[in-house]
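coordinates only, no sequence provided:
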């Protein structure tokens, strides 16, 4: 067990900076015990189950106008995703809308995107703001944060060394992988992962012709919503997420890197 956590630490510490000639700089996690194909197949199954459940509740894609709006934004963002992950060109992207008051959106490994009507309605999002949220969620997938979290969960659950986990992937149960995939959506990301996803979202939005400054407005709205609901965000040191003020400052500091991309974008 000590060997497991030592190896986990070493692998988690091995990150690489993704530096573009223009744009942001982010780090891509190297804690990737599970093959991408295993993670993407498991995520696709989990996503399909979520969509079937929504369909059974008559909550899937009930507003064709909003669905097409989301898919049109995705079509503009996706072509730029290969700058952060070359494998994204082969993903089977999918975008759906679930009718729910839940203020959330996600992109699972392999490009499976879902928005809840709650986040669009509660924040009164315009297209630029949707693009920055969608870009953020896509950023998690491109930087393989979900794959890293699934790998960590599997390693913890089976209680074996990294070497054994890699050698015995074929013996991992579908139930274990499904649980890991579910946690990859439900658990909060680390602060550094949230920050890097913010930056990827800024660049994707800018390159697609959406104003990246909308990211500031999104987090200002999110802050007001949290306070209005009586659920103010705890201090940063008590949270795995960056505080809203810190997040906004980091976004503003990186806007000069992406505004030239926005100005050069078609349209």
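Now that the structure is in, tell me what you want to look at. These numbers come from a predicted model, not from an experiment.

where do the strands of the protein begin and end?
16-19, 25-28, 94-98, 105-108, 112-116 (DSSP state E).

would you turn these into a markdown table with mean pLDDT?
Below are these laid out as a markdown table (pLDDT from 0 to 100):
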| stretch | mean pLDDT |
| --- | --- |
| strand 16-19 | 43 |
| strand 25-28 | 83 |
| strand 94-98 | 98 |
| strand 105-108 | 94 |
| strand 112-116 | 97 |
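
what about residue 212, neighbour count?
Neighbourhood size, residue 212 [other Cβ atoms under 10 Å]: 28. Backbone N, C-alpha and C define where each C-beta goes, glycine included.

same check on residue 57?
Based on other Cβ under 10 Å, the number of other residues close to residue 57 is 11.

for it, give me the pLDDT.
Residue 57 is assigned 97 on the pLDDT scale.

closest to residue 192 out of the strands of the chain?
Residue 192 sits nearest to strand 25-28 of all those, at 7.1 Å, using Cβ to Cβ.

tell me which residues in that closest one are buried?
For strand 25-28, the neighbour count (16 or more other Cβ atoms under 10 Å) marks 26, 28 as buried.

check which helices and strands that strand sits against.
With contacts defined as 3 or more Cβ pairs under 8 Å, 6 or more residues apart in numbering; DSSP states H and E, strand 25-28 has these neighbours: strand 16-19, helix 191-207.

which strands or helices does the longest one pack on?
Packed against helix 191-207 by the contact rule (3+ Cβ pairs under 8 Å, 6+ apart) you find strand 25-28, helix 127-142, helix 214-228, helix 244-264.

among the ones you listed, which is the most enclosed?
Of those, the one with the most neighbours on average (mean count of other Cβ atoms under 10 Å) is helix 127-142, at a mean of 25.

just the mean pLDDT for that helix, thanks.
On average, helix 127-142 scores 97.

possible to save the helices and strands packed on helix 191-207 as JSON lines with distance to residue 49?
Listed next are those as JSON lines, based on distance: least, Cβ to Cβ, whole Å:
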{"stretch": "strand 25-28", "distance to residue 49": "28"}
{"stretch": "helix 127-142", "distance to residue 49": "18"}
{"stretch": "helix 214-228", "distance to residue 49": "28"}
{"stretch": "helix 244-264", "distance to residue 49": "32"}
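
nearest to residue 112, out of the ones you listed?
helix 127-142 (8.3 Å).

show me what the closest one is packed up against.
helix 64-77, strand 105-108, strand 112-116, helix 117-123, helix 191-207, helix 214-228.

thinking again about what came up before, among the strands of the chain, which comes closest to residue 263?
That would be strand 25-28 among the strands of the chain, by Cβ to Cβ, at 20.1 Å.

off-centre distance for the closest one?
14 Å (Cα atoms, centre = their mean, to the nearest Å).

same check on stretch 27-36?
Distance, centroid of stretch 27-36 to centroid of chain: 14 Å (Cα atoms, centre = their mean).

and for stretch 218-227?
With Cα atoms, centre = their mean, you get 19 Å for stretch 218-227.

repeat for stretch 104-120
That offset, for stretch 104-120, works out to 9 Å (Cα atoms, centre = their mean).

what of stretch 134-154?
6 Å.

hmm, who's touching stretch 70-87?
Applying Cβ atoms under 8 Å, 6 or more residues apart in numbering, the contact partners of stretch 70-87 are 18, 20, 23, 26, 28, 36, 88-89, 93, 95, 97, 111, 113, 115, 127, 130-131, 134-135, 138-139, 141-144, 200, 203-205, 207-210.

about what we covered before: closest one to residue 54 among the strands of the chain?
strand 94-98 (4.8 Å).

which strands and helices lie in contact with that closest one?
By 3+ Cβ pairs under 8 Å, 6+ apart, strand 94-98 packs against helix 36-56, helix 64-77, strand 112-116.
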